[in-house]
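Visitor: model the following, please.
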Amino acid sequence: MACSAAPELLDGPTQAIVASDGLVYVADGYFHARVAVFTPEGRFVREWGSKGFELGQLQTPHGLTETSAGSLLVADRDNGRLQRFATSGRLLDSWSSELLGRPWSVVHAGDGSSFVADGGDQSGAGRAGIVELDATGQVVRRFASFGAGSGELNEPHMLAVSSSREVFVVELGNRRLQRFAPAGCAPAERACAYEPVAGWPALDGTLDPISIALDGERLYVGHQGDPASIWLLERDSGRLQRVLGEGAFVRPHGLFVATDGTLWVADDRGNRVLHLTADGERLSTIGAP
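Guide: Residues are numbered from 1 along each chain as shown. Okay, here's the model as predicted:
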């Protein structure tokens, strides 16, 4: 049975990724509470999920990523868990714990591990952190805590992870970006600490970040100010290189860079996913009537 009367239409999409099978998987998160699957050209293929608390159901699927094994991890934010699905929609695992907290974003690191933003409960309880999981869902490490100082977090919303396992995070509560790097150790070591990189980013303008994606030296950041746009930063310095798509989005809630270098933008308030070139030119739109 379809999750919605018009399954090709989106309603509050939070993240879209292109998986290794070439299909586009969309966390249609704020209202439909499902994963919707499309071809890159925008043809609806299938969907799964419904609003609820049981295994396989979703309450604000807020982010998703493909693992090295080809399954999909979904940040089931309001249920306080990660759920792992086959690309067919079959439930494989559900992971939750006190250390994991409430996942807002999940990004696969490419070596079997994944990083999760624990954004807290939005209840004033003061919880936040970044969690690394191994391929079985076990917590390897947790770092950062709630606050406004360097290395502290307030509503960490979206993550990006580099090939050297540096972690870039967008914070809604503090309206900023932070970059964490392994400190004086091999990053794969379980005892490895992560510390914030001082003086990063180097920005002159006022950025109101909501989303983030990394492509080598190019760091894309969704700006939810007026007008909404995507800021292209140089990864190491954090300096602004270009502003893309100014005024083309209502709110660029989720970003993803495909293997061909093109950009997929989940515009949650526009109820659509936009496919752009690396320079911000529109290629296609998914979900819009």
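Visitor: is residue 256 in a bridge, and if so with what?
Guide: Residues in a beta bridge with residue 256, per DSSP bridges, are residue 264.
Visitor: mind listing what it touches?
Guide: Taking C-beta atoms under 8 Å, 6 or more residues apart in numbering as the contact definition, residue 256 lies against 15, 16, 17, 18, 213, 263, 264. (Glycine included, C-beta is placed from N, CA and C.)
Visitor: can you pull the pLDDT of it?
Guide: pLDDT recorded at residue 256 is 98.
Visitor: rewinding a little: in strands, which of the contacts of residue 256 appear?
Guide: 15, 16, 17, 18, 213, 263, 264 (DSSP state E).
Visitor: and the residues you listed, which two are furthest apart?
Guide: For these, the maximum inter-member distance is 12.9 Å, found between 15 and 263 (C-beta to C-beta).
Visitor: between the two, which one's more packed in?
Guide: Neighbours per residue (other C-beta atoms under 10 Å) separate residue 15 from residue 263, with residue 15 holding more: 31 against 26.
Visitor: neighbours around residue 283, how many?
Guide: Using other C-beta under 10 Å: residue 283 sits among 13 other residues.
Visitor: that one: what's it in contact with?
Guide: 262, 275, 276, 277.
Visitor: 6 Å instead, please
Guide: residue 275 (C-beta atoms under 6 Å, 6 or more residues apart in numbering).
Visitor: for it, pull up the helix or strand it's in.
Guide: strand 282-286 (DSSP states H and E).
Visitor: in that strand, what counts as buried?
Guide: For strand 282-286, the neighbour count (16 or more other C-beta atoms under 10 Å) marks 284, 286 as buried.
Visitor: pLDDT (mean, whole number) over it?
Guide: So the average pLDDT for strand 282-286 ends up being 96.
Visitor: could you check how far that strand is from the centre of its chain?
Guide: 20 Å (C-alpha atoms, centre = their mean, to the nearest Å).
Visitor: CA atoms of it as CSV?
Guide: What follows is strand 282-286, C-alpha atoms only, in CSV (Å, rounded to 0.1, in the frame of the first residue of the first chain):
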residue,chain,number,x,y,z
ARG,A,282,19.7,23.2,-12.1
LEU,A,283,19.6,19.8,-13.9
SER,A,284,16.2,18.4,-12.7
THR,A,285,13.7,18.5,-9.9
ILE,A,286,12.1,15.7,-7.9
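Visitor: do a quick rundown of the strands in the stretch 101-250 of the chain.
Guide: 103-108, 114-118, 129-133, 139-143, 145-146, 152-153, 156-161, 167-171, 176-182, 194-196, 209-215, 218-223, 229-234, 240-244 (DSSP state E, counting those that start in this stretch).
Visitor: could you dump the ones in strands among the contacts of residue 256 to TSV with distance to residue 56 and pLDDT?
Guide: Below are the ones in strands among the contacts of residue 256 laid out as TSV (distance: C-beta to C-beta, whole Å; pLDDT from 0 to 100):
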residue	distance to residue 56	pLDDT
15	19	98
16	21	98
17	20	98
18	23	98
213	28	98
263	30	98
264	25	98
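Visitor: mind checking the backbone torsions on residue 78?
Guide: phi -80, psi -10 (degrees, to the nearest 10).
Visitor: for it, what are its contacts?
Guide: 59, 60 are the contacts of residue 78 under C-beta under 6 Å, 6+ apart.
Visitor: residue 115 versus that one, what's the distance?
Guide: 20 Å (C-beta to C-beta, to the nearest Å).
Visitor: again, but for residue 16
Guide: Residue 16 is 19 Å from residue 115, by C-beta to C-beta.
Visitor: same question, residue 181
Guide: Counting by C-beta to C-beta, the gap from residue 181 to residue 115 is 13 Å.
Visitor: again with residue 72
Guide: In terms of C-beta to C-beta, residue 72 sits 16 Å off from residue 115.
Visitor: same question for residue 193.
Guide: From residue 193 to residue 115 the distance is 15 Å (C-beta to C-beta).
Visitor: same question, residue 270
Guide: 28 Å.
Visitor: same question for stretch 113-131: list its buried residues.
Guide: 113-120, 127-131.
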